[in-house]
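Colleague: Test case, fold it:
(one chain, ligands or ions: 2)
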Amino acid sequence: MDHKKLQNLPVINFGQENLKPGTKGWSSACNNVRHALEEFGCFLAVYDKISLKLRDSIFSSIEKLFGLPIETKIKNTSDKPFFGYFGQYPDIPLLESLGIGDSTNVEEIKSFSKLMWPCGNDMNFCGIVNEYANLLSGLEQVVTKMVFESYGLGKQLCDSHIGCTTHLLRFNSYRVPGLNETSVGAQPHTDKSFITILDQNQVNGLEVKLKDDQWIAVDLLPSSFVVMAGDGLLAWSNNRIIPCHHRVTMKGNVTRYSIGLFSYHKGIIQIPQELIDEENPQCFKPFDHLGFLTFFAKQMQTGRLSHCMIKAYCGV
Ligand SMILES: O=C(O)CCC(=O)C(=O)O
Ligand SMILES: [Fe+2]
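Modeller: Ligands and ions are numbered 1, 2, ... in the order given. Reported below is the predicted structural model:
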């Protein structure tokens, strides 16, 4: 693991002292968030509202989840592409993934749990996931507010964006590769989300690509999460924020579990007028964010993927 380069990722503290809008801590965090997203497409967020105990509990629950028979796991389906079970793909054989759409809604967590454990489970899966998903989406909301504020956009615009946000919580499992098997856990990609937040079970493997095209290994500090810009944020910011290219490479001999929280906009995302001027002419049309997922899935099925799919979808 290339530990030398780890310091290159910005680290931003989301402790209580920086979470009050109007304070110095808040405005310096706003600037740092914007700078990190424009320059790196990602950063490490130190956020201790999610206790280490809760993180341990959720990772032991998802270990049990992935231990369920495949016939059960494939029941996790969705009408939205990439929101349900994903796995058994020959080019990425190590990865299996399960998703809960609209994950801040406890009823969605309950119905996922019922599908996986029709006779119930003895580990308070719903309670743990509900607490975790709500706290993590709280961090996503703070990051969104900071992004809006750092571009000088009003509270009303921000509140209306937040009111239209939905979250997907995705659990990933990467098994240890067998002899002569690929070590690729996830191929290089950018997320289709607005913002993604990632957590892992102390097993590294995530790598991100910086502007100079170098891949660096991400080492999660205690109490930290990886915050990444997705394709939605690239279009919304009129090309200012770069989406983070990332991949997973399995190196050790321990199963890796990760959790991703992906924010999506329900409906049409408008490019704020404040981000369009002579120097920065409008690069993207208003776009249907969830429609972009459907578009992406179709292009993938027909082998028509291009380097920047959001440009293909709604570029001017
Ligand atoms: O497992 C990870 O750390 C990354 C997962 C990921 O890239 C994704 O779910 O989109
Ligand atoms: Fe990803």
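Colleague: what kind of secondary structure is the residue of the chain found nearest ligand 1 in?
Modeller: When you check the chain against ligand 1 by CB to the nearest ligand atom, the closest residue turns out to be residue 258, at 3.3 Å. (Each C-beta comes from the backbone N, C-alpha and C, glycine too.) Following DSSP: H, G, I helix; E, B strand; the rest coil, the label given to residue 258 is strand.
Colleague: likewise the one 4 residues further on?
Modeller: Each residue gets one of three states, and residue 262 gets strand by three-state DSSP.
Colleague: Tell me how far it lies from residue 229.
Modeller: From residue 262 across to residue 229, the span is 12 Å (CB to CB, to the nearest Å).
Colleague: quick one on the thing from earlier: for the residue of the chain closest to ligand 1, give me its contacts.
Modeller: Residues in contact with residue 258 (CB atoms under 8 Å, 6 or more residues apart in numbering) are 171, 172, 174, 198, 199, 200, 201, 205, 206, 248.
Colleague: Equivalent analysis for residue 195, please.
Modeller: 140, 143, 144, 227, 228, 229, 230, 233, 262, 263.
Colleague: swap the cut-off to 6 Å and go again
Modeller: Each residue near residue 195 by CB atoms under 6 Å, 6 or more residues apart in numbering is listed here: 140, 143, 263.
Colleague: Equivalent analysis for residue 183, please.
Modeller: 177, 249, 250.
Colleague: Of the contacts of residue 258, which is the nearest to residue 288?
Modeller: residue 198 (25.3 Å; CB to CB).
Colleague: Show the average pLDDT along the helix or strand that closest one falls within.
Modeller: Per DSSP states H and E, residue 198 falls inside strand 195-200. Taken as a whole, strand 195-200 carries a mean pLDDT of 98.
Colleague: again with stretch 271-281
Modeller: 97.
Colleague: For it, buried residues please.
Modeller: For stretch 271-281, a neighbour-count test (16 or more other CB atoms under 10 Å) marks 271, 272, 275 as buried.
Colleague: Could you do stretch 60-75 as well?
Modeller: Result for stretch 60-75 [16+ other CB under 10 Å]: buried residues 61, 62, 65, 66, 73.
Colleague: still on that earlier bit, can you flag which of the contacts of residue 183 belong to strands?
Modeller: Applying DSSP state E to the contacts of residue 183, the entries found in strands are residue 249.
Colleague: re earlier: C-terminal to the strand holding residue 198, what's the next element?
Modeller: Reading on from strand 195-200 to the C-terminus, the next helix or strand found by DSSP H and E is strand 206-209.
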